[in-house]
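Engineer: I would like the atomic coordinates for the input below:
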Amino acid sequence: MTPGQRGFADHFSAHAASYAEFRPRYPAALFHWLAVISPGTRLAWDAGTGNGQVALGLVSRFAKVVATDASPEQIAEAVPHPRISYAVAQYESGLDELSADLVTVGQALHWFDVDAFCREAFRVLRPGGILAVFGYKYSKVTPEVDEVVRHHMEMTLGQYWPPEHRTVNDEYRGIALPIDELVPPPLELREDWSLAQYVGFLRTWSGTRRFIAARGEEPILAFEQRLAEAWGSTPRRAVRWELFVRAGEVR
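Structural biologist: You can find the predicted model right below:
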């Protein structure tokens, strides 16, 4: 099946291994909070799981996790776990009606047909079940690094971001979700990364991939040189992303 035949916006299958290696991990506090607000912890469905980052976090608090993604290449990179069932699917969970305590989407809702996804979420969530979608935007390293990256993100890559990316910058507020929304605690992703790891992360961006396809690597390499100068000689730095969350009981 070619990307054009997949029937979904496929920006990551071609570099699924890099995505698995360089994407930041979600904090344990997120999964604790989701378990607390859910009506139970027997079953969670993670849609758009990619390489299973959210699923691996959920299984620390839920007895069973079903994790689906439309990309076979992404699923192939997922870390196996005896209580996680991975499957290639867009919006078909394969779950029984009223069986799930929680449905999640991490950093993927902007690629979804939201109506189709919500229909399946409604079908599988038990009474009091929670729908939670979340993501992150800008990383924070140092003021010097952040300025270089922000300029690159908005100016160099500006026209190469897929249109769906705008909904991430809006923290999914422009997407109507039929939930009684709860206020999450402050949450952030945090990694202790080398410059090479940070560059690897920036190269997983859909905007970066589209830019390279259109204009080649030379401007990206020039940006990476400016980034190295801003990073300095420090071997590793803390990289942080504020996490935005929309979660609540479906109504």
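
Engineer: okay, Tyr91: pLDDT?
Structural biologist: Looking at Tyr91, its pLDDT reads 92.

Engineer: what about it, how many residues close to it?
Structural biologist: 19 (other Cβ atoms under 10 Å). All C-beta atoms are positioned from the backbone trio N, CA, C, and that covers glycine.

Engineer: sec struct for it, please.
Structural biologist: coil (DSSP: H, G, I helix; E, B strand; the rest coil).

Engineer: any idea how far Pro184 is from it?
Structural biologist: Computed as Cβ to Cβ, to the nearest Å, the Tyr91 to Pro184 distance reads 24 Å.

Engineer: ok, Trp161 next?
Structural biologist: Per Cβ to Cβ, Trp161 is found 26 Å from Pro184.

Engineer: who's in contact with the residue sitting nearest the centre point of the chain?
Structural biologist: Nearest residue to the geometric centre of the chain (Cα atoms, centre = their mean): Gln107, 2.5 Å. For Gln107, the contact set (Cβ atoms under 8 Å, 6 or more residues apart in numbering) comprises 50, 134-136, 168.

Engineer: at 6 Å instead, please
Structural biologist: With Cβ atoms under 6 Å, 6 or more residues apart in numbering as the criterion, the residues that contact Gln107 are Gly135.

Engineer: what's the pLDDT at it?
Structural biologist: Looking at Gln107, its pLDDT stands at 94.

Engineer: surely Ala121 meets Val103?
Structural biologist: Yes: contact criterion Cβ atoms under 6 Å: Ala121 and Val103 qualify, at 4.5 Å.

Engineer: quickly list what's touching both of the two.
Structural biologist: The overlap between the contact sets of Ala121 and Val103 (Cβ under 6 Å, 6+ apart) consists of Leu131.

Engineer: would you map the strands across the stretch 51-200 of the chain?
Structural biologist: 64-69, 84-88, 100-106, 125-140, 179-182, 188-194 (DSSP state E, counting those that start in this stretch).

Engineer: per-residue pLDDT, Glu218?
Structural biologist: The model reports Glu218 with a pLDDT of 96.

Engineer: now for it, how many residues are close by?
Structural biologist: Residues within reach of Glu218, counting by other Cβ under 10 Å, total 9.
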